[in-house]
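Peer 1: I'll drop the sequence and a predicted model, then ask my questions.
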Amino acid sequence: MPYLDKHSKKAVSRTQVKDISAAEQEEASKLEADVKALSDWAKSEIGKIDMMLYTSLQRFTSQAYLAHPFMGAGYSYSEEGIEKGIREPATYILKQGGKRLRPLASLLTMEAFGADSDKYLEFAIIPEVIHTGTLIHDDIEDNSKKRRNNLAVHVVYGEPLSINLGSLMYFLPLNAIKDSKKIDESVKYKMLSFIIDDMTHLGTGQSIDIAWHDQKVDIFSIKEEEIMGCLANKTGALLGIAMKIGAAIGGADDQTIKKIGALGAMFGTAFQLRDDVLNIVPSAVSENKGGIGDDIKEGKMTVLAEYALHHSSKEDAKELAKILSKHTSSNRDVQKAIGIIRRSGAVEYVEKLAKEKTEETLKLLEEIIPESDAKRKIRAMFIANLNRKA
């Protein structure tokens, strides 16, 4: 390289800065365009998703569908019982909306692997119905009175009916796989197999989470990596199912489907980390769950809480553990706990961790999915999660 005097070096340095800034600006503009394209596409798809949710609910709870092959004359279902026990409460929570993140991720993955997503919409809603069942159970287990700024299902319809409905929603959408003439039997088997596996992971993660917030385990013994594993199982499992359904329908091989599942689980973990931060600040997330610090009221063990317990003074750590253990309804307690968490640096730590997990997710995305419009939307979905307020 030719000799450069100090003035030339400064000129090169300034040029490089301009080049980098221009490159970064171009990348930011592309991302902004991709996020807008994702948003516009999602708005058009959510209406279709909601219609399929209601259509499938009606179909799989109809007298014709439920007719038992071994029961002849003298047997029938109570239409009013089905309406009041299943359709009405299920419609109540489905109409509350939501991001529909899982079916959207499933549809995008189908398209990324070359399938026409419009032809397979009934499979994309499977993880959303299962997710809705988990929400019904979660609200009962956590004694939450509100969901998405509405009364929780169990508050309106009672716990016995809600417990049964939540369980039914784990299985009801699987009929779409069982009855389909669109996909081969080998693909059906593959899909049902990984759904069973991931639902086992989800239930295990939920069991651990309940044991923690019921103080069956010493709070100071819970490790960050155990919480991360819990998040991967709970939030990650259903996103993994969603994306694996898309990959399976798109004809991906078993190894690729496995990697796609890991991709979904990693994104789910990053998503939940962001959710945990939004739970302790004024946001749509905290409002929809019943107010700022709802996780603290439930005594939930998050990475935020674990970090604060191990990076605070003995007095603050003891006070935080005490507040979490009593499942407080006191806003004063909640604010005190949030203050301890903030002073410990936990918010900054978890935001950094969420960014790292997102970057890992993006790296895996580049490895396993070829470039396409669908991939750009998936990438935008992952990145937009880091900056979301709701």
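Peer 2: That came in fine, so what should we check first?

Peer 1: Low-confidence stretches in the chain?
Peer 2: For the chain, the stretches flagged by pLDDT under 70 are 1-20, 69-72, 283-290, 390.

Peer 1: hmm, try it at 50
Peer 2: 1-17 (pLDDT under 50).

Peer 1: That one: strands as residue ranges?
Peer 2: Ranges of strands in the chain, per DSSP state E, are 146-147, 150-151.

Peer 1: Determine the set of other helices and strands touching the first one.
Peer 2: I take that to be strand 146-147. helix 284-289 (3 or more CB pairs under 8 Å, 6 or more residues apart in numbering; DSSP states H and E). From N, CA and C alone the C-beta is placed, and that goes for glycine too.

Peer 1: Now with 10 Å, please.
Peer 2: Strand 146-147 sits against helix 126-141, helix 153-157, helix 284-289, with contacts defined as 3 or more CB pairs under 10 Å, 6 or more residues apart in numbering; DSSP states H and E.

Peer 1: out of the ones you listed, which comes closest to Glu88?
Peer 2: Closest approach to Glu88 among those (CB to CB): helix 153-157, 7.9 Å.

Peer 1: can you tell me how far Gly345 sits from Ala308?
Peer 2: Distance, Gly345 to Ala308, by CB to CB, to the nearest Å: 8 Å.

Peer 1: More neighbours: these two, which one.
Peer 2: A direct count of neighbours by other CB atoms under 10 Å for Gly345 and Ala308 places Ala308 higher, at 26 against 14.

Peer 1: Contact partners for the residue nearest to that one when sequence neighbours are not counted?
Peer 2: Spatial nearest neighbour of Ala308, chain neighbours left out: Ser344 (4.0 Å); criterion: CB to CB, 6 or more residues apart in numbering. Counting by CB atoms under 10 Å, 6 or more residues apart in numbering, Ser344 touches Leu304, Ala305, Tyr307, Ala308, Leu309, His310, His311, Ser312, Ser313, Asp316, Ala317, Leu320.

Peer 1: 6 Å instead, please
Peer 2: For Ser344, the contact set (CB atoms under 6 Å, 6 or more residues apart in numbering) comprises Ala308, His311, Ser312.

Peer 1: Tell me, how many residues neighbour the nearest residue to Lys190 once chain neighbours are set aside?
Peer 2: Excluding the flanking residues, the one nearest Lys190 by CB to CB, 6+ apart is Ala248, at 5.5 Å. Other residues within reach of Ala248, judged by other CB under 10 Å, total 26.

Peer 1: what does the one 4 residues further on give?
Peer 2: A count of nearby residues for Ala252, using other CB under 10 Å, gives 23.

Peer 1: Helices along the stretch 151-300 of the chain, start to end?
Peer 2: Along the stretch 151-300 of the chain, counting by DSSP state H, counting those that start in this stretch, helices occupy 153-157, 159-171, 175-179, 185-213, 224-249, 254-278, 284-289, 294-298.

Peer 1: will you turn those into TSV that also has distance to Ile125?
Peer 2: Putting these into TSV (distance: least, CB to CB, whole Å) gives the following:
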stretch	distance to Ile125
helix 153-157	18
helix 159-171	11
helix 175-179	8
helix 185-213	13
helix 224-249	10
helix 254-278	16
helix 284-289	21
helix 294-298	27
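
Peer 1: which of the ones you listed is buried the deepest?
Peer 2: Burial of these is given as mean neighbour count (mean count of other CB atoms under 10 Å); helix 224-249 ranks first at a mean of 25.

Peer 1: can you state the direction angle for that one and helix 126-141?
Peer 2: For helix 224-249 against helix 126-141, the angle by axes from the mean of the first three to the mean of the last three CA atoms, to 10 degrees is 150 degrees.

Peer 1: Just name whatever secondary elements helix 224-249 is in contact with.
Peer 2: Contacts defined by 3 or more CB pairs under 6 Å, 6 or more residues apart in numbering; DSSP states H and E place helix 224-249 against helix 101-112, helix 126-141, helix 185-213, helix 254-278, helix 303-310.

Peer 1: Tabulate the ones you listed (CSV), appending distance to Ser76.
Peer 2: What follows is the helices and strands packed on helix 224-249, written out as CSV (distance: least, CB to CB, whole Å):
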stretch, distance to Ser76
helix 101-112, 34
helix 126-141, 26
helix 185-213, 30
helix 254-278, 42
helix 303-310, 52
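
Peer 1: looking at the ones you listed, which is closest to Asn385?
Peer 2: Between Asn385 and those, the tightest spacing by CB to CB is seen for helix 254-278, at 5.4 Å.
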